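Asks: Here is my input; please provide its structure:
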Amino acid sequence: MNRSPMRSRGKNDKRRRWVTPGIAVFAAVSLLVLAGCTTATPDDQGGSTETGLEQFMAQKLDFGPCDPTIVGSQPDVPEIIDAAESAECAMLTVPMDYEDLRGETIDLAVTRIAATGDDRIGSVVLSPGGPGAQATTFAPLVAALWTGGRVTERFDIVGFDPRGVGLSRPAVDCYTDEERDADAPLAALGEWTEESAREIVDKCAQGTGSEEVLAHLGTRDTARDMDVLRSALGDDQLTFAGASYGTRLGSVYAEMFPQNVRALVLDGAVDPLKGTADRRIQLSEGLQASFQQFADYCATQAECPLGTDPAQATTVTQELLRPLVDEPLIAADGREVGFLAAGEGIVAGLYSEASWPAIIAGLSELQAGRPDALLALRDVSYGRSESGEYTNSYEALFAINCLDEERVTAEEMAQLGEDLNDAVPFLDPGTDPATQDGCEYWPGEPTLGYPYATDIDGLPEVLVISATGDPVTPHEGGISLADTLGARLLTVDGNQHGTVISRNECIDGIVADYLVDLELPDDGARCAL
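Replies: Sure, this is the predicted structure:
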């Protein structure tokens, strides 16, 4: 039942560059694609004592050697490579459909870096976000950045690829690498039609295995998988650290299994009270605010491609990007780079203030008719290797969102597109917005429900971390999540999406105190990046 993860399509052993948590640029893609989906809270949220679940809950993970990509996907940093080489891997079996426990099963890939000390507490289960980002490759990175601290001494660091993601089987597979290079599945410029929305289901079902698989990829199923993982790891209660979309997964787990929670660190919060449209507008406003902060910084540099007046930065950027709608540029490797890919490159750079100089370089090259620097930022965010192979992060993101988000009508889609263009004008392509929901024909009804994770009884104290300048999960969302869960909020002053692995003494100390000793910071606590 338990096996070491096998290699997934689109992977190779070359070491790739790494980008901050939220690697799939989940929010930016959701904004650009406008692939919404809808609310339907399941009648039975279930629990770990259901008849027939015992065979899954009683599993013992058989850890052994890992797939080569666990090492091969890491940045070429000695301590991170060492952590990846020390990792052990296994496969966890879960029901495809929790309403049919005797039916087909799914195998989830699990990575573990063992605790270094003798006084072990348990496991810290990680989620880097997305949805669609791999935690199997993320765990060694976190273990390396936390090395020498109390967390890695007292806890195993565990990552699992959610159903449909990465090394888990079956994995969502909808597009060839050539189609991904061409941005074929992306519909930011109004490209979704009834025909293409139906076709995406056929393509994904064919590549993934069946429409039944596609209908069971939502966050609520993954939360139930995480409870099976908790049991298989031998932990009476879950200790969890999730970033970005990982805050949704952690919050839904808290709603469904509050009695099984030991500690939750939720970093870069998705607002649980906002539906799809309102949250995307919130996200868009956050991107525009981050872009404006970047523009203010750019204006202080010697050769800012946006000029010396930050108030004109949006207009200048539109002048650079909009011609690419009709006349893409050709990169050195022969790929066409249009509005969407160039915009994604800018967005990827906004995830962290440390990447702002890379945006300046990309925009400067774009002025000279060369798109390669922005394309490189885009490629990193999507996990594209130097040989042109992609992870399945985007495909998994699309599929999971189709089972989480609210589906919208043509009229609602058009209005949402206009609202988003107003909220983030530097990414406004100047074309008519999409009117077709790409998820309209997705198998199964969405299962998340909005709002979620409200009025939870018996939940232990939770730590929410939120950066004031987070570009895609704005600080107001962190405040909302903390209020909704009755959690303690740690505010981080800085411009970054995801701060829990920043090697920041203030943040690391607070996280360690909470995970190890369950001690929360004082009300109003703040750290600075």
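Asks: Report the rounded mean pLDDT for the host helix or strand of residue 107.
Replies: Residue 107 is part of strand 105-113, with elements assigned from DSSP states H and E. The average pLDDT within strand 105-113 is 98.
Asks: C-terminal to it, what's the next element?
Replies: Per DSSP H and E, the first helix or strand lying C-terminal to strand 105-113 is strand 122-127.
Asks: C-alpha coordinates for the strand holding residue 107, CSV please?
Replies: Extracted in CSV, the C-alpha atoms of strand 105-113 (Å, rounded to 0.1, in the frame of the first residue of the first chain):
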residue,chain,number,x,y,z
THR,A,105,-8.1,5.1,-4.1
ILE,A,106,-5.5,7.8,-4.5
ASP,A,107,-1.8,7.7,-3.5
LEU,A,108,-0.3,10.8,-2.0
ALA,A,109,3.4,11.4,-2.0
VAL,A,110,4.9,12.2,1.4
THR,A,111,8.4,13.5,2.3
ARG,A,112,9.9,13.5,5.8
ILE,A,113,13.1,15.0,7.2
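Asks: elements contacting it?
Replies: strand 88-95, helix 138-145, strand 155-160, helix 219-232 (3 or more CB pairs under 8 Å, 6 or more residues apart in numbering; DSSP states H and E). In short, each C-beta sits where N, CA and C put it, glycine included.
Asks: For that strand, buried residues please.
Replies: Across strand 105-113, burial judged by 16 or more other CB atoms under 10 Å covers 106-113.
Asks: How about stretch 52-59?
Replies: In stretch 52-59, counting by 16+ other CB under 10 Å, buried: 53, 56, 59.
Asks: want to throw those residues into CSV with secondary structure?
Replies: As requested, the buried residues of stretch 52-59 are exported to CSV (DSSP: H, G, I helix; E, B strand; the rest coil):
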residue, secondary structure
53, coil
56, helix
59, coil
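Asks: Between the residues you listed, which sits nearest residue 73?
Replies: Ranked by distance to residue 73 (CB to CB), the buried residues of stretch 52-59 are led by residue 59 at 26.3 Å.
Asks: Identify the residues contacting the closest residue in space to the closest one that isn't next to it in sequence.
Replies: In space, and not counting its chain neighbours, residue 59 is closest to residue 232: 4.4 Å by CB to CB, 6 or more residues apart in numbering. By CB atoms under 8 Å, 6 or more residues apart in numbering, the contact list for residue 232 reads 57, 59-61, 92.
Asks: Can you get me a residue count around residue 526?
Replies: Look at residue 526: counted by other CB atoms under 10 Å, it has 13 neighbours.
Asks: Ignoring the adjacent residues along the chain, who's closest to it?
Replies: Nearest non-adjacent residue to residue 526, counting by CB to CB, 6+ apart: residue 491, 4.8 Å away.
Asks: Nearest to residue 445, out of the helices and strands packed on strand 105-113?
Replies: Comparing the helices and strands packed on strand 105-113 by CB to CB, helix 219-232 comes nearest, at 11.8 Å.
Asks: Tell me the buried residues in the closest one?
Replies: Buried, per 16+ other CB under 10 Å, within helix 219-232: 219-232.
Asks: Likewise for stretch 427-437?
Replies: 427-429, 431, 433-437.
Asks: In TSV: these, plus pLDDT.
Replies: Below are the buried residues of stretch 427-437 laid out as TSV (pLDDT from 0 to 100):
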residue	pLDDT
427	95
428	94
429	92
431	89
433	84
434	81
435	86
436	87
437	89
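Asks: so which of the residues you listed comes closest to residue 324?
Replies: residue 429 (8.8 Å).
Asks: you'd agree the closest one is up against residue 322?
Replies: Yes - taking contacts as CB atoms under 8 Å, residue 429 lies within contact range of residue 322: 6.4 Å.
Asks: Now for these two: what residues contact both?
Replies: Between them, residue 429 and residue 322 share the contacting residues residue 339, judged by CB under 8 Å, 6+ apart.
Asks: Give the residue spans of the stretch 101-250 of the chain that score low on pLDDT.
Replies: 185-190 (pLDDT under 70).
Asks: Okay, now the sheet partners of the helix or strand containing the residue nearest to residue 526, with direction.
Replies: Assigned by DSSP H and E, residue 491 belongs to strand 488-493. Strand pairing for strand 488-493, determined by DSSP bridges: strand 463-467 (parallel), strand 526-528 (parallel).
Asks: Could I get the average pLDDT for the longest one?
Replies: Translated: strand 463-467. Mean pLDDT, strand 463-467: 97.
Asks: So what touches that strand?
Replies: 247, 263-269, 473, 475, 477-479, 481-482, 485, 487-497, 499-500, 507, 510-511, 514, 520-521, 529.
Asks: How far off centre is it?
Replies: Strand 463-467 sits 16 Å away from the centroid of its parent chain (CA atoms, centre = their mean, to the nearest Å).
Asks: Quick check: buried residues in the following helix or strand past it?
Replies: Note on strand 463-467: by DSSP H and E, the next helix or strand toward the C-terminus is helix 475-485. Judged by neighbour count using 16+ other CB under 10 Å, the buried positions of helix 475-485 are 475-482, 484-485.
Asks: got the residue ranges for the helices in the stretch 351-500 of the chain?
Replies: Along the stretch 351-500 of the chain, counting by DSSP state H, counting those that start in this stretch, helices occupy 356-367, 372-381, 393-402, 410-423, 475-485.
Asks: May I see the buried residues of the longest helix anywhere in the chain?
Replies: Across the chain, the longest stretch assigned as helix under DSSP state H is helix 276-298. Under the neighbour-count criterion of 16+ other CB under 10 Å, helix 276-298 has 276-277, 279-291, 293-295, 297-298 buried.
Asks: Which elements pack onto that helix?
Replies: helix 26-33, helix 313-321, helix 339-350, helix 356-367, helix 410-423, helix 475-485.
Asks: Please list all residues in contact with the closest residue to residue 336 other than its chain neighbours.
Replies: Spatial nearest neighbour of residue 336, excluding adjacent residues (CB to CB, 6+ apart): residue 328 at 4.0 Å. With contact set as CB under 8 Å, 6+ apart, residue 328 has these partners: 336-338.
Asks: still on that earlier bit, if we go by neighbour counts, what in the strand holding residue 491 is buried?
Replies: 488-492.
Asks: counting contacts, what elements does the helix or strand just after it pack onto?
Replies: Where DSSP H and E defines the elements, the next helix or strand beyond strand 488-493 is helix 505-517. Counting contacts by 3+ CB pairs under 8 Å, 6+ apart, helix 505-517 is packed against helix 150-154, strand 238-243, strand 261-267, strand 463-467, strand 488-493, strand 526-528.
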